[in-house]
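Participant: The sequence and its predicted three-dimensional model are supplied below.
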Amino acid sequence: MMTPANRLDPKQLLTRKSFIELSARERAKALLDEGTYRELLGPFERLESPWLPMQGVVPQSDDGLIVARGTLSGKDAAILAIEGRFQGGSTGEVSGAKIAAALELAQHDAENGWPVQVLLLLETGGVRLQEANLGLEAIAEINSSMVALREHVPVVGVISGMVGCFGGMAITAALCSYLIMTRQGRLGLNGPEVIEEQSGIEEFDSSDRQLIWAVNGGEQRYAAGFVDDLVEDDVKLIRERVIEAFGRGVPCRHRSEQVEDYLERLATIDVTHQLEIRHFGRLWSKRVLS
Amino acid sequence: MSSGEAVCTRGRIWFEVLLGKGAKRPASVPSVLVADTTLQKERVRLLAVVSDPQNRFPCARQGQVGLEEGWNLAKQIRDAIRADANVEKRAIIAIVDVPSQAYGRREELLGIFLAAAAATDAYISARLAGHPVISLLVGRAISGGFLTHGAQANRLLAFRDPGVTIHAMQKKAAALVTRRSIEELDEMARKVIPMSYEVKDYARLGLLHKLIDGVDPDAPDPAQVARVQADLLEAITDARSGQRDLGNRFQSAGARTNRNATLEVRRRLAEQWNLK
C-alpha cells in the first residue's frame, strides 16, 4: 500500500530510529534542523491546568503540549507536539490555548509576509473530560484558527501513534492541509470503547483489535484517501515526508472543502448492513480516483 | 442505539416557529432542515439537525450528527456563501439540539471525522467571509455534535432551561469514562465550572452572548417567539459590526474571571513567539 519512497530497505531497517517511542519534546527536537530547537512556554513557565488539582489529579508543568520554534529544511517552523503520556494527550484549557494561540500567531506572521511552517504532532483522545467545556471550546477555537491559517500556508499533521487521534481533535486533524500517518497510527471521531458503550457490542466490539485497526488504522485511512501519506515509523523518513508535504504548498481545495465529491461518493455506498471492511478501501478509493 | 432515549423535538419546534411566512425550503435530507427566510430586514438561512427514524444510518436516527448531517450542513452553508459572494452576506442561524455525534462502525469507516470537519470548515468559512453566524441553543449541544453544528458561531445564544445542556460528553458516558458515579460527577461539577452540565455555568465561562430568560423551549407562545427573534436580530447586528474570529469568547468578562489560564497562555506565547 505504501509508496516505495516510504518503505525501509533491509539496511535502513537495521539503522532505523523509532519516532513513536520518542516523547513529544524529543519528537519536536528530532524533526527541527539540528541546533535550532527553541521551546516556548516550557516547563519552567509553570503554565499548568488550574482544573486538575481541584480533582486530585497531578498537573504537568507544560500541560502535555510542547510548543517549539526553529527551522525545518532551513525555513521558519513551529511544532505543536502533544504528549500522549500525559492524560492520554487530552486537550485541556492550557494545552488547547497553546495550540489555538500558536496557530493565530502564525496566521498574523503569514499575513505580514512571514510564512511559518506549522506542524501538529497529534497524539490525543480528544477533549480532557476533567476540563470538559473548556476543552471543547479550545478545540472550537483551534479549528477556527486552523481554517484561517491554512488559507495562507499549509498546515501539516502527523499521527504516528500509539495513542492515535480521536474525539474533537480528529476534526482538527481532518482540517490539516496534509495528514501523514504511520501504520501504528489510528484516526477516528469516536474511539471503539465509546461506540461499544453508546451503541452496543454488536455495533463495535472494542476488544476486537483486528477490527479496530481495520477501521481506524493508518493503512486503512490511507487506502480510503482520508490521509495523504503513509510512512514507516522512522524519524528520518517522517522528517522527509513532512518537508515534502510543506513543499507542496497550500492545496487548491482542502479535503474538508470537497463537499460535492464526498456527498456523491457517500450516496453510492449501500449501508443497509455493516460494510465489508476488506473491500472497503478499494471500493471507496476507486471512487476517489474516478 | 440508545433506543430508550426520547426523540429530540426542540430543534424542529424552533425551526418551525422561526420559519415565518414566505420561507423558501432548499432541497435537503430529512435530518437537516434548511430554510431561507427574513427577520425584519435581515435575510437568514436557518439550519437544524433533527431526528429521522428512517435515516439510512441506524446510529443517526435520533438527531445525532452523522455523515449525511455533516456533509449536508457543509453543502447548505457553502451554497449560501457562493450565492452571496457579491451581495450582502445573509445571516446563518444554527438551531442546536444535538444529543451527540453518531456513534457507529459505518460512520467511523466512512470518515465521520471528515464530515464533521467539512461542516466545521463551512461554518468557519462563512463567518470569515462576513456572514453573521448565530447559534441558538435550544436543547442539547453535546461533544462532536456541537463542534460540528453550533460551536463555530460568532454569537451563541441559549435558553435558561434545564433541558439546555452543553458538554463534552453525556453524563452517563462521562461517569463511565472517568470512573465516577453520577453523584460524584454532579458534586465535582459544582466545584469545577467547565465540568458543569448547567447552562448558567457555561455562561460563567464567558462563552455566551446571551442567556435568554422566560422562554418555554418546548411550547413557546407568540410573545416569547417575538422576543427570541429580537434577540437573534440584535446578535446579527452585533456580529456584523464585530470581529470575524472567535476572539470575543475569550475577551469576554466571564473569560477574564474564569479563563485566566487561556489569557495567560495567549499573553506569554505572543511575547515569546518571535524572540530569537
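Facilitator: Nice, I can see it.
Participant: from here on, contacts and neighbour counts on C-alpha atoms
Facilitator: OK.
Participant: which stretches of the chain form helices?
Facilitator: Just so you know, I chose chain A. A:10-15, A:24-31, A:93-111, A:132-149, A:168-175, A:192-199, A:209-216, A:218-223, A:235-247, A:259-267, A:277-289 (DSSP state H).
Participant: Hmm, no, I was thinking of chain B.
Facilitator: Secondary structure of chain B (DSSP H): helices at B:10-19, B:67-83, B:105-109, B:112-129, B:143-148, B:171-177, B:182-191, B:199-204, B:222-240, B:247-250, B:253-258, B:260-273.
Participant: do the third one and chain A meet?
Facilitator: Okay, so that is helix B:105-109. Yes: applying CA under 8 Å from any CA of the partner chain, one finds helix B:105-109 in contact with chain A at B:105-106, B:108-109.
Participant: That helix - contacts with which helices or strands?
Facilitator: Applying 3 or more CA pairs under 8 Å, 6 or more residues apart in numbering or on different chains; DSSP states H and E, we find helix B:105-109 packed against helix A:209-216.
Participant: how about a cut-off of 10 Å?
Facilitator: Contact partners of helix B:105-109 among helices and strands, from 3 or more CA pairs under 10 Å, 6 or more residues apart in numbering or on different chains; DSSP states H and E: strand A:187-188, helix A:192-199, helix A:209-216, helix A:277-289, helix B:67-83, helix B:112-129.
Participant: Redo the ones you listed as JSON lines? Include mean pLDDT, mean neighbour count and distance to B:Arg244.
Facilitator: Output for the helices and strands packed on helix B:105-109, formatted as JSON lines (pLDDT from 0 to 100; neighbours: other CA atoms under 10 Å in any protein chain shown; distance: least, CA to CA, whole Å):
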{"stretch": "strand A:187-188", "mean pLDDT": "98", "mean neighbour count": "32", "distance to B:Arg244": "30"}
{"stretch": "helix A:192-199", "mean pLDDT": "90", "mean neighbour count": "20", "distance to B:Arg244": "35"}
{"stretch": "helix A:209-216", "mean pLDDT": "91", "mean neighbour count": "18", "distance to B:Arg244": "35"}
{"stretch": "helix A:277-289", "mean pLDDT": "64", "mean neighbour count": "15", "distance to B:Arg244": "34"}
{"stretch": "helix B:67-83", "mean pLDDT": "98", "mean neighbour count": "23", "distance to B:Arg244": "15"}
{"stretch": "helix B:112-129", "mean pLDDT": "98", "mean neighbour count": "28", "distance to B:Arg244": "5"}
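Participant: possible to save these as a markdown table with distance to A:Leu105?
Facilitator: Listed next are the helices and strands packed on helix B:105-109 as a markdown table, based on distance: least, CA to CA, whole Å:
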| stretch | distance to A:Leu105 |
| --- | --- |
| strand A:187-188 | 27 |
| helix A:192-199 | 35 |
| helix A:209-216 | 32 |
| helix A:277-289 | 35 |
| helix B:67-83 | 27 |
| helix B:112-129 | 17 |
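Participant: and B:Ser100, which of the ones you listed is closest to it?
Facilitator: B:Ser100 lies closest to helix A:192-199 among those, at 10.4 Å (CA to CA).
Participant: Against which helices or strands is that closest one packed?
Facilitator: Contacts defined by 3+ CA pairs under 10 Å, 6+ apart place helix A:192-199 against helix A:209-216, helix B:105-109, helix B:171-177.
Participant: How far away from the center of its chain is that helix?
Facilitator: Its chain's C-alpha centre and that of helix A:192-199 lie 22 Å apart, by CA atoms, centre = their mean, to the nearest Å.
Participant: what separates the worst-scoring helix or strand of chain B on mean pLDDT from the chain centre, distance-wise?
Facilitator: Scoring the helices and strands of chain B by mean pLDDT, DSSP states H and E places helix B:171-177 at the bottom, with a mean of 81. From the chain centre to the centre of helix B:171-177 is a distance of 22 Å (CA atoms, centre = their mean).
Participant: about what we covered before: tell me which of the helices of chain A is the most buried.
Facilitator: For the helices of chain A, the largest average neighbour count (mean count of other CA atoms under 10 Å in any protein chain shown) is found in helix A:168-175, namely a mean of 29.
Participant: Other residues contacting the least confident helix or strand of chain B?
Facilitator: Outside helix B:171-177, the residues within contact range by CA atoms under 10 Å, 6 or more residues apart in numbering or on different chains are A:129-130, A:132, A:193-194, A:197-198, B:167-169, B:179-186, B:196-197.
Participant: Could I have the ChimeraX command that selects the buried members from those?
Facilitator: Per 16 or more other CA atoms under 10 Å in any protein chain shown, the buried members of the contacts of helix B:171-177 correspond to this ChimeraX selection:
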select /A:129,130,132,193,194,197,198 /B:167,168,169,185,186,196,197
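Participant: Which residue, other than its chain neighbours, is closest to B:Val215?
Facilitator: Using CA to CA, 6 or more residues apart in numbering or on different chains and skipping the chain neighbours, the partner closest in space to B:Val215 is B:Gln224 (5.8 Å).
Participant: I'd say the one you found and B:Asp216 touch.
Facilitator: Yes: counting by CA atoms under 10 Å, B:Asp216 is a contact partner of B:Gln224 at 7.8 Å.
Participant: Hmm, B:Arg227 is touching B:Ile212, no?
Facilitator: Yes: the criterion here is CA under 10 Å, and B:Arg227 meets it with B:Ile212 at 9.1 Å.
Participant: gap between the residue nearest the centre of chain A and A:Ile159?
Facilitator: Most central in chain A under CA atoms, centre = their mean is A:Leu122, positioned 3.5 Å from the mean C-alpha point. Between A:Leu122 and A:Ile159 the distance is 5 Å, computed by CA to CA, to the nearest Å.
Participant: Could you name every residue contacting both of the two?
Facilitator: Counting by CA under 10 Å, 6+ apart, the contacts common to A:Leu122 and A:Ile159 are A:165, A:173, A:181, A:185, A:187.
Participant: filter these by proximity to chain B?
Facilitator: Among those, proximity to chain B is found for A:173, A:187 (CA under 10 Å from any CA of the partner chain).
Participant: So which of the shared contacts of A:Leu122 and A:Ile159 is the closest to B:Ile134?
Facilitator: A:Ala173 (25.1 Å).
Participant: contacting residues for that closest one?
Facilitator: Neighbour list for A:Ala173: A:120-122, A:143, A:146, A:155-159, A:165-166, A:179-180, A:187-188, A:227, B:113-114, B:117 [criterion: CA under 10 Å, 6+ apart].
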